[in-house]
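**Q** Need coordinates for the below:
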Amino acid sequence: MTYVCMNDFRDAATLPLAIRDESIIDIAARERLLDAAFGAARFAKTCERLREGRAPAQGLALAATLGDELVGTIRFWHIQAGAGHAALLLGPVAVDARHRSLGIGRKLIADGLFRAVQRGHKAVILVGDAAYYNQLGFSRVVTRGLSLPGPVEDERFLGLELDPGALSGATGLIMPTGVRAPRAIPHTQVEPLRRAA
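**A** Numbering: from 1, shown residues only. Alright, predicted model coming up:
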């Protein structure tokens with residue numbers, strides 16, 4: 001795929017890194033990883049309004065592991081990007097602080113985008129650092145006619161058309177779609193599940 005520079009993964013390629021579908025045993029570790037990366041403020045972010053109460057897109061909630069340790073996470077969510085434009089919302093994506101700058105985040109994103117294309121998805125939007133995501137093909141150009149259900153810095157509101165023209169003419173408010181999430185399992189009940197597995 002042309003939107004990701006493969007030589008960005010040379011460090012990640014030397015690690016015994018596995019990227020797999022997220023599972024129930026990842027819940028507690030994923031939440032600790034996201035808390036460490038974003039803090040409690042992550043629940044107040046505008047993109048959280050598009051995620052809350054929803055399940056991630058099927059096959060697009062991924063975990064990066066080194067051995068038995070969860071070191072990275074990424075999720076995509078179904079959204080409607082204006083009338084008639086189905087898309088995905090990317091995020092959150094996080095990598096354990098001890099393993100940053102090794103290309104794990106880029107590898108997670110590339111793998112997630114590849115899987116999204118395989119599943120027939122046409123476009124992805126996100127809110128993130130433009131300097132980082134521009135290198136992966138994301139641009140402000142394709143989101144100019146769209147708005148989010150809350151405040152966001154314009155330069156951080158980016159999109160990527162997996163199918164050229166997929167967001168052409170897209171205007172209006174981005175809304176959550178997809179299936180409702182099942183009732184969450186309290187984090188205190190996850191650790192016994194891990195030990196039993």
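**Q** Tell me where this structure is predicted with low confidence.
**A** Along the chain, the model assigns pLDDT under 70 to residues 1-14, 184-197.
**Q** For it, which segments count as helices?
**A** Taking DSSP state H as the criterion, the chain carries its helices at 10-13, 27-38, 48-51, 104-118, 130-134, 190-196.
**Q** Tell me which of the ones you listed sits most buried.
**A** Most buried of the helices of the chain, by mean neighbour count (mean count of other CB atoms under 10 Å): helix 104-118, with a mean of 20. For glycine as for every other residue, the C-beta is placed from the backbone atoms N, C-alpha and C.
**Q** chain center to that helix: distance?
**A** Centre-to-centre, helix 104-118 and its host chain are 9 Å apart (CA atoms, centre = their mean, to the nearest Å).
**Q** What is it packed up against?
**A** In terms of contacts (3 or more CB pairs under 8 Å, 6 or more residues apart in numbering; DSSP states H and E), helix 104-118 is packed against helix 10-13, strand 17-21, strand 61-66, strand 69-81, strand 86-95.
**Q** same thing but at 6 Å, please
**A** strand 61-66, strand 69-81, strand 86-95 (3 or more CB pairs under 6 Å, 6 or more residues apart in numbering; DSSP states H and E).
**Q** Let me know the angle separating that helix from strand 86-95.
**A** Angle, helix 104-118 to strand 86-95, by axes from the mean of the first three to the mean of the last three CA atoms, to 10 degrees: 160 degrees.
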